[in-house]
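Chemist: predicted model and sequence follow; I will ask about them next.
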Amino acid sequence: GDVYKRQVHGWGGQRAHLAVFVKPLVEAGYRVIAFDLPSHNESDPGALAPGRTTSTECADAIAAMIETHGPAHAVIAHSLGANSTVLAAAQGAPVGRLVFLAPMGEFPLYLDLFAARHGFGPRIRSGLQRRLETRIGMPLHETNMTHTGRRANYPPLLLIHDPDDPDSPCAASERVAAAWPGASLVTTRGLGRLAHYR
């Protein structure tokens, strides 16, 4: 039928990572479209190089898929795929409802985690942020879900996150849920150190 749900994987992922949703959604009467983001799995390389892409390039790919297949009833997205989905919605892509699994709600936070993990000092961290902002063509804080969600008129949102997620802090999803009108946050438990991917 014409009613469909789209699935968007996260950074370093592929469409098969969300395959668990396909059968139940098809049985519920939906058409499901899953695809690989630029420079991931079977997709073409992104503009930067094979194996490299940006959240804005991923947003453009999501918007192109929606333009090709028509407005989505809902989008299920993981991690960076969630961040890119909201960017696409802020640019006018009709995403319908949103279901985000362990989203990257506040991108500057991940830059802080990356810098800490690799021992970068403030100077290198600031330089990295400037380079990222040049590459994506916008200030990094404007990629935060609360900022882009406002530009997208806050579509209905369900967040699912595990407090033990070591790669995407659940606190960011809590802040998104508090600031996004009508959003719901469901937390999972007991997924261990691989919580981000489970």
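Modeler: Nice, I can see it.
Chemist: from the centroid of the chain, which residue is nearest?
Modeler: Ala82 (1.8 Å; Cα atoms, centre = their mean).
Chemist: looking at that residue now. What's its pLDDT?
Modeler: Note on Ala82: pLDDT of 92.
Chemist: apart from its neighbours in sequence, what residue is nearest Gly192?
Modeler: Take Gly192 and drop its neighbours on the chain: the residue closest to it by Cβ to Cβ, 6 or more residues apart in numbering is Asp164, 7.0 Å away. Placement of C-beta: from N, CA and C, glycine included.
Chemist: measure the one you found to Thr56 for me?
Modeler: Distance, Asp164 to Thr56, using Cβ to Cβ, to the nearest Å: 30 Å.
Chemist: Pro156 too?
Modeler: Noted for Pro156: a distance of 24 Å to Thr56, by Cβ to Cβ.
Chemist: what's around Thr143, how many residues?
Modeler: 26 (other Cβ atoms under 10 Å).
Chemist: mind listing what the nearest residue to it once chain neighbours are set aside touches?
Modeler: Spatial nearest neighbour of Thr143, chain neighbours left out: Phe107 (4.5 Å); criterion: Cβ to Cβ, 6+ apart. Applying Cβ atoms under 8 Å, 6 or more residues apart in numbering to Phe107 gives the contacts Ser55, Asn83, Leu140, Thr143, Asn144.
Chemist: out of those residues, which is most surrounded?
Modeler: Highest count within those by other Cβ under 10 Å belongs to Asn83, 28 neighbours.
Chemist: quick check: buried residues in the one helix or strand Ala61 maps to?
Modeler: Per DSSP states H and E, Ala61 falls inside helix 55-69. With burial defined by 16 or more other Cβ atoms under 10 Å, the residues of helix 55-69 counted as buried are Ser55, Thr56, Glu57, Cys58, Ala59, Asp60, Ala61, Ile62, Ala63, Met65, Ile66.
Chemist: Arg135: which of these is nearest?
Modeler: Taking Cβ to Cβ as the measure, Arg135 lies nearest Thr56 of those, at 8.4 Å.
Chemist: which residues in this structure form helices?
Modeler: Using DSSP state H, the helices of the chain run over residues 22-27, 55-69, 80-90, 107-118, 122-136, 145-151, 170-179.
Chemist: please produce CSV containing those helices, extended by distance to Leu185.
Modeler: CSV is the format used below for the helices of the chain (distance: least, Cβ to Cβ, whole Å):
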stretch, distance to Leu185
helix 22-27, 22
helix 55-69, 22
helix 80-90, 13
helix 107-118, 17
helix 122-136, 27
helix 145-151, 12
helix 170-179, 4
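Chemist: out of these, deepest packed?
Modeler: Using mean count of other Cβ atoms under 10 Å, the stretch among the helices of the chain with the largest mean neighbour count is helix 80-90, at a mean of 28.
Chemist: now the angle from it to helix 55-69?
Modeler: 70 degrees (axes from the mean of the first three to the mean of the last three Cα atoms, to 10 degrees).
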